[in-house]
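Asks: Turn this into a structure:
(4 chains)
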Amino acid sequence: MSAAFVPNIVGFFCNWCSYTAADLAGVSRSHYEPTVRIIRVMCSSRVDPHMVVTAFLGGADGVLLAGCHPGDCHYVTGNYRTRRRFALLQSMFETLGLDTQRLKLSWIGASEGNRVGQVVTDLTEAVKQLGPNPAREAMFL
Amino acid sequence: MNGATVAAPEGVQQAITELLKRGLDEKVFGAVLVPARVPAGDSFAWLLVRDSAVLDEAQPLPPVMSVQGARAIYRFARRGVTGKVAAVLRPCEVRATVELAKLKQVEIDGLVLISMDCPGAVPLKAYVDDPQQGDADFEKLLNGDQTPARDICKVCHLFSRPASDLHFATLGSDNGQASIVAGSDQGRAVLKKLGIAEESSLDAWERAVAERQEQRQQARAEAQATLRQKIAGPDKLLETLSQCINCHVCRSVCPICYCRQCYFESQAVLMPPENILARARRKGGMRLPTDTLLFHVGRMSHMSLSCVSCGACEDACPSSIPVAQLFSLVGDATQKQFDYVAGRSVTEPLPTITYKEDELPDLVAPYVETYSGREAAS
Amino acid sequence: MSDALTISKPPDEALRAFLAFLLQEKKAAAVLTLDRIGKDAAPAYSLITDAKELESAAPLLPIMPANAGKLLAEITELGPSPEPIAAVLKPCELRALVELKKLNQANLDNLLLISFTCGGVFPLAIRNNGGINETLPAYRDALAKGEVADGIRPTCRACEHFVPYNADLTVALVGGPGSSGTSTFLINSSRGAEALEGFEGERTEAKLESDAIDALRAKRADEATKLYTESETAAPGLDGLISIFGRCLSCRACSTVCPICYCELCYFDSVTEDPAPNKYEAQLRHRKATRVPPGTIAFHLGRMTHMVISCVGCGMCSDVCPVSIPVATLFSMVGKSADKVFSYVPGKDLDEELPLKKYEVDELSHLGEERIES
Amino acid sequence: MSNGFEPKILYILCSWCGTGGAETASAHGLRYPENVRIYRVNCTGSLPAVHVLRALVEGADGVAVSGCHPGDCHFETGNYHARRRVANLKTILNTLDLGDDRLWFRFVAHGEGRRFVDTATEFSDHIAELGPNPLTARRDT
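Replies: Here you go, the predicted model:
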């Protein structure tokens, strides 16, 4: 079954580091499975946790939050806040019994073109184990 | 009056579902908005359905009104719909949709409104706590025994023939058939597309409806008279509202209250502490949260002319206040003054946006030539 | 040991007398307390300025028609109160007020905060059949012995913060004299001491913590684990959430009465979240049918991400839900585990910044830095 | 004034004919009772019913509304809508028995100073007979 199942992952990439890294990955032709739909946000802290929830309930099999390494944030403290929000979101998903492995936070520096492919592939494999997100077909959400 | 007749071996629900299925399969309408039982089985939710296979689980006439149909349509058709959408609604939900269309909150031309004779609904809280008992109660309602219905449904005289495109005339018919009355050209067009001819006479049904309407109007007048004894006057009204905790649930479930931000929750009613203390000092004290009476009577002044007395507010009130009976009592009075019936027809203008040059003669206090009472006295 | 005042009256009467004393001595311009205004009217909060009106006051009644912390926040929203206001608050209401202060939604200047060790509150529905009077004696005795009174709300049974923080004065109810006849006011601040100046009662030394309180704390702890592991809201998963919130009417009652949800216009009611026709088209592409109004569970989980870190577990949301969804049980459960991540207790410490408004540079280093060997 | 009760009256006037009537009255040296407070609105058609209710609940013993005669309205239809709105409010107050006779509606033209003063006086006496508004003293509203 997992061969046929192509995960549908939503990626929030911060404009300064992660999105640039994704560009670099494209320019340097590094190949990775096209399962992530990248949404560019100005900073990883722009992503309100309810957006991750909306993506998850909307049917996304995985949600990837990518930002600059701590200390490199263009807005200095953006990724520190994102880190705390993500920790809170993870504990919420855990307490609610939802799959926390479908959520992933990765710091991807602007120069780490190949890390983009690795992170996306890593999440894709994890999601393939879990199978499609049941919320995708649920009618009474 | 003539109508179409369709086979309904397992009753009306099945006949309506059948019509919806054929409508979807033969592309007469693009999608269907219909209630369906939620997975936990303790309530019903509106579903927008495109795949007709899902309709088997749908229940066009649910035993309980969870989300008011017009409120679902408002959230759905506020900015028009893509393609034709059929919606299966109770008569009061059709009337509320018509009011919302006139209030420019719903674009009605993309909708095909399908209604049925309403047997009444089971109280929501009772149903949610014990769905099996609720279903049994609803069976009684279908067979004409009114006792388990909501108080507001027991006195509802507009349970049939709203301004819908298609209406399932079910009252008094149990011979394995159901008749459909087309209420508009669009309704007739749908019947023609589905190849359903309109030849059978419905006089028997019309008589049955008129007779029950007579009983209900009688019951409604009595119920409103007794209610007025119970609540009229400052003491009694505030005694009735003493349980109110200002949670405004009655406003948020009301189909007619469509304001995104209600006046009673906006900055307009927010006061600095000095004013609050001054107000409290004037009366020796002040109930909090405040403005309970102002909220209820103010909401009446905003929407009672469009109140279709669907009972959604009373179903949702956590303090079991007879909100629906209160608002229907006032709604009937204000609508009678302008001889207007909420939701009767899309073309009948809202009383608040029309006027007649020389109306309401007795409103203006009679003016005596010169009033010298004051000078004479002092 | 903190100094206290012992009064030879049962707690309710003593507190009523003290509130009247505050008004007569002009130490408070107004008093916020639970109050039974009409002849058998339902209890409601009242801001009373005339001492004579205090006869109908019932400050320690175990019922919560509104969250008093939210009421005080609404009074002081446009500025601090110009004159002193005394308020009798339950510990969770006091914590909600402190949380709202930290969210810049309330102003505590000029407020005399009186609280008590709380034995839990009955559900609102008890008012509808006037059933509160019969249950009071049994309730007070259970309190005296430090037992969990039966009939109180699930979130109250599982509440471990029933001893108030930040109160100027605390009335000892749990482990207190019960219905015997005396009551003790513990003084926790200079403002409390100054307010008590001249009120008849004899100054003593008293200790708030007592074995009855420890007994109740232990009992409440197992009630909490039982509630958060056995009830249907324990780790529900997606199907569990669908069955819990299936009957939700999207009426927003829970967010309206929630003290922490203070937004003027909730994001989930704003134009951004308004479902346009193409949203339904998109949903119908991979779902056989979609719910109208949409986003029922998205609202609850979304609201949860916004406010659960500050949830004080006051239980109002479950009380007002028209279809009796255990919203408070679910939210307080998630709130408790979220607070554990930052070891934060909402409303406990007035000066501790909100968790999401601060950060440490080298915390949570396990997140985001996983090394992937190519 | 019966037994010394001084009624608090709120007299809502439109700023074209209503206050015009008041000015003409003062031009003729006519005096209206002091306990009548005038509240100027741009047009009686723009008068929200909730303001009248707020007045009746929070302290006014009587509220009167006066605007231009039918046909004179500066905004053409304002007074027609005001007439319907006041009629609607009176029906609500009557049905709930909250004293709909404490709310009057009468047309006053710009030149009718006499009529303005007479209305104010007549209404003030009418409310004096009715006595204080029971709603304003209640603290559970």
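
Asks: C-alpha from now on. contacts and neighbour counts both.
Replies: OK.

Asks: Show me which residues of the stretch 251-378 of chain B sit near chain D.
Replies: Applying CA under 8 Å from any CA of the partner chain, we find that the stretch 251-378 of chain B lies next to chain D at B:279-280, B:283-287, B:290-294, B:297-298, B:300-302, B:329-330, B:333-334, B:337, B:352-357, B:360, B:363-365, B:367, B:370-374.

Asks: Can you pick out the ones from those that are in helices?
Replies: Judged by DSSP state H, the subset of those located in helices is B:279-280, B:283, B:292-294, B:297-298, B:300-302, B:329-330, B:333-334, B:337, B:373-374.

Asks: Please check those residues and keep the buried ones.
Replies: Neighbour counting by 16 or more other CA atoms under 10 Å in any protein chain shown classes B:279-280, B:283, B:292-294, B:297-298, B:300-302, B:329-330, B:333-334, B:337 among these as buried.

Asks: circling back to that earlier point, go back to the residues of the stretch 251-378 of chain B next to chain D and keep what's next to chain C.
Replies: B:280, B:284-287.

Asks: Just put those residues in a markdown table and tack on distance to chain A.
Replies: A markdown table is the format used below for those (distance: CA to the nearest CA, whole Å):
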| residue | distance to chain A |
| --- | --- |
| B:280 | 41 |
| B:284 | 45 |
| B:285 | 42 |
| B:286 | 39 |
| B:287 | 36 |
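
Asks: In those residues, find the pair that's most separated.
Replies: In those, two members sit farther apart than any others by CA to CA. They are B:284 and B:287, at 10.5 Å.

Asks: what pLDDT does residue C:202 get?
Replies: Per-residue pLDDT puts residue C:202 at 86.

Asks: That one - how many residues pack around it?
Replies: Using other CA atoms under 10 Å in any protein chain shown, residue C:202 has 11 other residues around it.

Asks: Skipping adjacent residues, who's closest to the residue positioned nearest the centre of chain A in space?
Replies: By CA atoms, centre = their mean, chain A has its centre lying nearest to residue A:64, at 0.4 Å. The shortest distance from residue A:64 to any non-neighbouring residue, by CA to CA, 6 or more residues apart in numbering or on different chains, is to residue A:11 (4.5 Å).

Asks: Sort out which residues of the helix or strand containing that neighbour are buried, please.
Replies: Secondary structure from DSSP states H and E places residue A:11 in strand A:9-14. Judged by neighbour count (16+ other CA under 10 Å), strand A:9-14 contains these buried residues: A:9-14.

Asks: Taking the buried ones among the ones in helices among the residues of the stretch 251-378 of chain B next to chain D together, which two end up most distant?
Replies: The most distant members of these, if one measures by CA to CA, are B:280 and B:337, lying 36.9 Å apart.

Asks: which residues of the chain fall in helices?
Replies: As the question left the chain open, I've gone with chain A. Ranges of helices in chain A, per DSSP H, are A:18-27, A:49-58, A:78-95, A:113-130.

Asks: meant chain D actually
Replies: Assigned by DSSP H, the helices in chain D fall at D:18-27, D:49-58, D:78-95, D:113-130.

Asks: about what we covered before: between the buried ones among the ones in helices among the residues of the stretch 251-378 of chain B next to chain D, which is nearest chain C?
Replies: Minimum distance to chain C across these is 6.5 Å, recorded for residue B:280 (CA to the nearest CA).

Asks: how much space between that closest one and residue B:287?
Replies: Distance from residue B:280 to residue B:287, counting by CA to CA, to the nearest Å: 9 Å.

Asks: who touches both of the two?
Replies: Contact criterion CA atoms under 8 Å, 6 or more residues apart in numbering or on different chains; residues shared by residue B:280 and residue B:287: C:47, D:139.

Asks: Count the neighbours of the residue in chain D that chain C sits nearest to for me.
Replies: Residue nearest to chain C within chain D: residue D:140 (6.9 Å; CA to the nearest CA). Applying other CA under 10 Å, we find 27 residues neighbouring residue D:140.

Asks: Report the spatially nearest residue to it, omitting neighbours in sequence.
Replies: Spatial nearest neighbour of residue D:140, chain neighbours left out: residue B:287 (5.1 Å); criterion: CA to CA, 6+ apart.

Asks: Would you mind confirming that that neighbour is in contact with residue C:46?
Replies: Yes. Between residue B:287 and residue C:46 a contact is recorded at 4.2 Å, counting by CA atoms under 8 Å.

Asks: Can you pick out the residue with more neighbours from these two?
Replies: Each of residue B:287 and residue C:46 has its neighbours counted (other CA under 10 Å); residue C:46 has more, 27 against 24.

Asks: which element is the more buried one on?
Replies: Per DSSP H and E: residue C:46 is located in strand C:44-48.

Asks: now for the next helix-or-strand element following that strand, which elements pack on it?
Replies: The C-terminal neighbour of strand C:44-48 among helices and strands, as given by DSSP H and E, is helix C:68-75. Helix C:68-75 sits against helix C:91-102, with contacts defined as 3 or more CA pairs under 8 Å, 6 or more residues apart in numbering or on different chains; DSSP states H and E.

Asks: ok, now with 10 Å
Replies: On a contact count with 3 or more CA pairs under 10 Å, 6 or more residues apart in numbering or on different chains; DSSP states H and E, helix C:68-75 meets helix B:273-283, strand B:285-288, strand C:30-35, strand C:44-48, strand C:85-88, helix C:91-102.

Asks: any chance of those in a markdown table, with mean pLDDT and distance to residue B:84 too?
Replies: Listed next are the helices and strands packed on helix C:68-75 as a markdown table, based on pLDDT from 0 to 100; distance: least, CA to CA, whole Å:
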| stretch | mean pLDDT | distance to residue B:84 |
| --- | --- | --- |
| helix B:273-283 | 95 | 52 |
| strand B:285-288 | 93 | 48 |
| strand C:30-35 | 95 | 54 |
| strand C:44-48 | 95 | 50 |
| strand C:85-88 | 97 | 58 |
| helix C:91-102 | 97 | 48 |
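
Asks: Ok, which of those comes nearest residue C:306?
Replies: helix C:91-102 (13.7 Å).

Asks: For that closest one, C-alpha coordinates in CSV please.
Replies: Extracted as CSV, the C-alpha positions of helix C:91-102 are listed here (Å, rounded to 0.1, in the frame of the first residue of the first chain):
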residue,chain,number,x,y,z
PRO,C,91,-9.3,30.8,43.5
CYS,C,92,-9.7,30.0,39.8
GLU,C,93,-11.4,33.3,39.2
LEU,C,94,-8.5,35.0,40.9
ARG,C,95,-6.0,33.1,38.7
ALA,C,96,-8.0,34.1,35.7
LEU,C,97,-7.8,37.7,36.8
VAL,C,98,-4.0,37.5,37.3
GLU,C,99,-3.7,35.8,33.9
LEU,C,100,-5.8,38.6,32.3
LYS,C,101,-3.6,41.2,34.0
LYS,C,102,-0.5,39.6,32.4
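
Asks: and whatever helix or strand comes next after that helix, anywhere near chain B?
Replies: Of the helices and strands lying after helix C:91-102 in sequence (DSSP H and E), the nearest is strand C:111-116. No. Applying CA under 10 Å from any CA of the partner chain, one finds strand C:111-116 separated from chain B by no less than 11.9 Å.
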